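Peer 1: pasting the sequence and the predicted model now:
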Amino acid sequence: MAVRLRLKRAGRRHRPFYRVAAMDIRSPRDGRVIEELGFYDPLAKEDGQRVKLKRDRVEHWLSVGAQPSETVRSLLKQGGIPIKSAKKTKSAKARTKKADGDT
């Protein structure tokens, strides 16, 4: 099972609130969660109340191979949690080179 750390929307209209969750990549955005890891409140007045994460559990999921979404990756950087960048495979390098027009 491939696991991704991503946001799950809660709150009401015009008042977003997100939960950071470990989820199977096949489940929908607001679907079944394996584990809740914290929250993100973009409209919080204080910076300390904007992002709250369970650091030990996030590090656990990253250590077993869970991939964070781009938004969660930026939230983890703000929280000071180190993330290993994905290494490019040979085929990924070839696709990048091809996309740049260097054939």
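Peer 2: Arrived safely, thanks for sending. Since we're looking at a predicted model, the values are computed, not measured.
Peer 1: tell me where this protein has helices.
Peer 2: Applying DSSP state H to the chain gives helices spanning 55-63, 70-78, 90-99.
Peer 1: CA atoms of the second one as CSV?
Peer 2: Meaning helix 70-78. Extracted in CSV, the C-alpha atoms of helix 70-78 (Å, rounded to 0.1, in the frame of the first residue of the first chain):
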residue,chain,number,x,y,z
GLU,A,70,3.6,19.5,-2.3
THR,A,71,1.5,21.5,0.2
VAL,A,72,2.3,19.2,3.1
ARG,A,73,6.0,19.3,2.1
SER,A,74,6.0,23.1,2.5
LEU,A,75,4.2,22.8,5.9
LEU,A,76,6.8,20.3,7.1
LYS,A,77,9.6,22.7,6.1
GLN,A,78,7.9,25.5,8.1
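Peer 1: what sits up against that helix?
Peer 2: Residues outside helix 70-78 that contact it (Cβ atoms under 8 Å, 6 or more residues apart in numbering) are 5-7, 20, 40, 51, 53, 58, 68, 83. C-betas here are computed from N, CA, C, even on glycine.
Peer 1: turn those into a markdown table, including distance to residue 29 and neighbour count.
Peer 2: As requested, these are arranged in a markdown table below (distance: Cβ to Cβ, whole Å; neighbours: other Cβ atoms under 10 Å):
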| residue | distance to residue 29 | neighbour count |
| --- | --- | --- |
| 5 | 13 | 25 |
| 6 | 8 | 22 |
| 7 | 8 | 20 |
| 20 | 13 | 27 |
| 40 | 14 | 19 |
| 51 | 19 | 18 |
| 53 | 19 | 21 |
| 58 | 19 | 24 |
| 68 | 15 | 21 |
| 83 | 21 | 16 |
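Peer 1: arrange those residues in JSON lines, one row each, with pLDDT as further columns.
Peer 2: Formatted as JSON lines, the contacts of helix 70-78 follow (pLDDT from 0 to 100):
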{"residue": "5", "pLDDT": "95"}
{"residue": "6", "pLDDT": "94"}
{"residue": "7", "pLDDT": "94"}
{"residue": "20", "pLDDT": "95"}
{"residue": "40", "pLDDT": "94"}
{"residue": "51", "pLDDT": "91"}
{"residue": "53", "pLDDT": "92"}
{"residue": "58", "pLDDT": "94"}
{"residue": "68", "pLDDT": "95"}
{"residue": "83", "pLDDT": "83"}
